[in-house]
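J.: Everything below, folded, please.
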Amino acid sequence: EAQRILRTFSQEKLDGIVQAVSRAFLEHARELGRMACEETGFGNPQDKEIKNRFAALTLYDAIKDERTHGILAEDREKRTIDIGVPVGIVAGLVPSTNPTSTVIYKAMICLKAGNPILFSPHPSAAGCILEAVNVVRRAAESAGAPAGAIACITNPTLEATQALVRHDPTRLILATGGGAMVKAA
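T.: Coordinates of the predicted model:
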């Protein structure tokens, strides 16, 4: 249902949602960085905060003016028109090494193009990933995204991830992680 609604949104509406998500994530960058370190034992809170800020702000700055929806380009000489359309439901596999920054990155690029994303967290980082997804979800919905546009498997298992990536409505898999997981995806 979220996909049916998102695909009707204008570029401007999608951009407003992405901006709200970026701002909200910046507000929680420190807390989410600390949570990621505590839960996974990887890195240190300051570096995780920097990654979260980089993903939320630098990525946002890089994509904010990009057109991803509707008519993108027109070449009258060649008689072609490039049209951006959503691909559909995206499965976002999130690793334990960069759990929170991966959530904001994948959420923003999916929303920018009008696609809902369902995250599958690494089991050893499920708590901080779920919190990052909740930050993104609340911000997106408060800016007008439909319920369900941002979601997360709450009990991560290999079977749940396999069901997600094999589910017929899943149209794209964004896999970040170890070689075996990426290959399986």
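J.: What does the residue lying closest to Asn44 once chain neighbours are set aside show for phi and psi?
T.: Nearest residue to Asn44, sequence neighbours excluded (CB to CB, 6 or more residues apart in numbering): Cys37, at 6.1 Å. The C-beta positions use only the backbone N, C-alpha and C, and glycine is treated the same way. The phi/psi pair for Cys37 (degrees, to the nearest 10) reads phi -60, psi -50.
J.: So Cys37 sits against Pro45, correct?
T.: Yes. Using CB atoms under 8 Å, Cys37 is in contact with Pro45, at 4.8 Å.
J.: With neighbour numbers in mind, choose between the two.
T.: Cys37 (19 against 16; other CB atoms under 10 Å).
J.: quick one on the thing from earlier: ok, the residue nearest to Asn44 - contacts?
T.: 43-45, 48 (CB atoms under 8 Å, 6 or more residues apart in numbering).
J.: Likewise for Leu164?
T.: 91, 118, 120, 153, 170.
J.: Now, these that are in strands?
T.: Counting by DSSP state E, those place 91, 118, 120, 170 in strands.
J.: can you tell me which residues contact the closest residue to the third one other than its chain neighbours?
T.: Using CB to CB, 6+ apart and skipping the chain neighbours, the partner closest in space to Ser120 is Thr161 (4.4 Å). Under the criterion of CB under 8 Å, 6+ apart, the contact list for Thr161 reads 93, 120, 153.
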